[in-house]
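Novice: Next input, structure requested:
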Amino acid sequence: MKRFCYSCGALESESNPLVGGLCRGCLSSKPLLLLPKLEVVTCPRCGAVRVGGSWLESGLEEVMRGLVLSRLKVAKLTNNTWEFVPLTQASGVQVEVGIGEGKTGLRVTVRARMRLGEKQALPLQQELVTNVPLRRETCKICRLKAGGYYEAILQVRGKDVARIRRLVEEEAKLASREDGRAFLTKVEEVEGGVDFYLSSAALARRLGRTLKLVHGAQLSESAKLVGQAGGRRRYRVSVLARLKSG
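Specialist: Numbering: from 1, shown residues only. I've put the predicted structure just below:
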């Protein structure tokens with residue numbers, strides 16, 4: 001005796017097998033994709049994207065695709081019961097994610113091809129479209145930069161400091177691209193040289209080593225206690241790079 005779809009009454013056939021008691025047409029009209037509500041926060045200064053409590057420096061589209069794929073759930077039939085499971089727990093599902101501009105944020109389009117049963121020869125196709133609000137908030141690093149934050153000073157002394165300044169600024173930019181927490185806050189020309197105010201002692205030491213390697217600078221270091229935070233003493237480090245004359 002042939003089975004029939006409990007929703008529309010269509011008889012089961014080789015080209016139209018029932019999955020969970022539903023024919024292909026009724027399966028296609030059944031919501032098979034579920035995407036929880038999302039919100040995206042971006043920094044207007046640097047473009048970083050916040051996901052949860054973390055700021056990511058990847059591009060907005062890249063972050064959104066990863067976020068959608070991690071949060072997306074797909075319908076799965078288990079013991080004749082429909083449930084939504086994470087994409088990683090679903091088999092026979094191919095997903096494409098499109099990111100575009102929406103009226104009030106981002107327009108996210110999810111296209112899926114899926115097989116929900118062993119008898120299903122042709123995959124079902126379903127599309128989910130949603131709007132994700134886009135909110136802007138200055139990230140922690142940009143707030144520190146705007147506030148003139150620094151933990152170390154690289155003091156360069158010697159001749160031809162204009163050429164040295166260009167080198168240090170380029171090296172600082174390279175370090176910042178590698179790690180957004182490393183940045184140059186300001187540059188101050190002083191008598192006999194130039195001072196670079198930097199976000200960390202590690203960055204000051206790195207730039208000092210570059211000057212030693214390229215220009216044979218002599219390095220020395222000192223630290224000054226500037227306060228306490230969380231029960232730990234905070235020091236401000238000064239790295240002196242003295243260039244060889246001539």
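Novice: How about the contacts made by the residue lying closest to residue 200 once chain neighbours are set aside?
Specialist: Ranked by Cβ to Cβ, 6 or more residues apart in numbering and with sequence neighbours excluded, the top spatial neighbour of residue 200 is residue 151, at 5.2 Å. Any C-beta I mention is one placed from the backbone N, CA and C, and that applies to glycine too. Residues near residue 151 by Cβ atoms under 8 Å, 6 or more residues apart in numbering: 198-201, 236-237.
Novice: Tell me where this structure has strands.
Specialist: 33-34, 40-42, 49-51, 54-56, 73-78, 81-86, 93-101, 105-114, 124-136, 152-157, 184-190, 193-198, 218-229, 232-242 (DSSP state E).
Novice: quick check: longest helix of the chain.
Specialist: helix 161-178 (DSSP state H).
Novice: and that helix, what's its mean pLDDT?
Specialist: Averaging pLDDT along helix 161-178 gives 90.
Novice: Now it: buried residues?
Specialist: For helix 161-178, the neighbour count (16 or more other Cβ atoms under 10 Å) marks 161, 164-165, 168, 171-172, 175-176 as buried.
Novice: which of these lies closest to residue 193?
Specialist: Comparing the buried residues of helix 161-178 against residue 193 with Cβ to Cβ places residue 161 closest, at 5.4 Å.
Novice: you'd agree that closest one is up against residue 193?
Specialist: Yes - using Cβ atoms under 8 Å, residue 161 is in contact with residue 193, at 5.4 Å.
Novice: Next, count neighbours for residue 139.
Specialist: 22 (other Cβ atoms under 10 Å).
Novice: If anything else comes up later, I'll come back, but that's it for now.
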